[in-house]
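Visitor: everything below, folded, please.
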Amino acid sequence: QVQLVESGGGLVQAGGSLRLSCAASGGTFSINGMGWFRQAPGKEREFVAAIHWKAVGTYYADSMKGRFTVSRDNAKNTVYLQMNALKPEDTAVYYCAADLSIYYSGSHYPSEYDYWGQGTQVTVSS
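Guide: Okay, the predicted model is just below:
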């Protein structure tokens, strides 16, 4: 079992920045990839970014490239999502997820992730 806890969400003005954190605990040795997703009201959950847990590799949704940066600190079992130049359309609940697959390659599909956090709200005002 892997437990994930997100933090760092909040209210920010357009153009501002936030850094989200996702702390993993439990069976972290089994994690091979970590993803960030978001879900706005009335919309499907969408991929934001992902990172290999044990290897080098990061992945981004095209619309996030250049504004969002995903990173990890394995010593702290934590993944981060630095979000810059935020826009009102970035408003959503942001989730982190863990993928245990040994073939992990930055999947964009929520169904391929094995564990999820509870989410953290990000609200960007115009």
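Visitor: bridged to Thr69, which residues?
Guide: Gln82 (DSSP bridges).
Visitor: quick check: the gap between it and Leu100.
Guide: With distances taken as C-beta to C-beta, to the nearest Å, Thr69 is found 24 Å from Leu100. (Glycine included, C-beta is placed from N, CA and C.)
Visitor: one more: Gly27?
Guide: In terms of C-beta to C-beta, Gly27 sits 8 Å off from Leu100.
Visitor: quick check: neighbours shared by those two?
Guide: By C-beta atoms under 8 Å, 6 or more residues apart in numbering, Gly27 and Leu100 have these common neighbours: Val2.
Visitor: what's the end-to-end length of stretch 74-92?
Guide: With C-alpha to C-alpha, to the nearest Å applied, stretch 74-92 spans 27 Å between its terminal residues.
Visitor: give me the residue at the spatial middle of the protein.
Guide: Centroid-nearest residue in the chain, with C-alpha atoms, centre = their mean: Trp36, separated by 2.0 Å.
Visitor: quick one, what contacts that residue?
Guide: Contact analysis of Trp36 by C-beta under 8 Å, 6+ apart lists 20, 22, 47-50, 70, 79, 81, 94-97.
Visitor: only the buried residues of stretch 36-55, if you could.
Guide: Buried positions in stretch 36-55, judged by neighbour count with 16 or more other C-beta atoms under 10 Å: 36-38, 45, 47-53.
Visitor: typo on my end, it should be stretch 4-21
Guide: Within stretch 4-21, the residues that count as buried by 16+ other C-beta under 10 Å are 4, 6, 8-9, 12, 18, 20-21.
Visitor: max pairwise distance over those residues: which two?
Guide: Pairwise distances among these were taken by C-beta to C-beta; the largest, 22.6 Å, belongs to Leu4 and Val12.
Visitor: can you classify the residue nearest to the centre of the chain as helix, strand or coil?
Guide: strand (DSSP: H, G, I helix; E, B strand; the rest coil).
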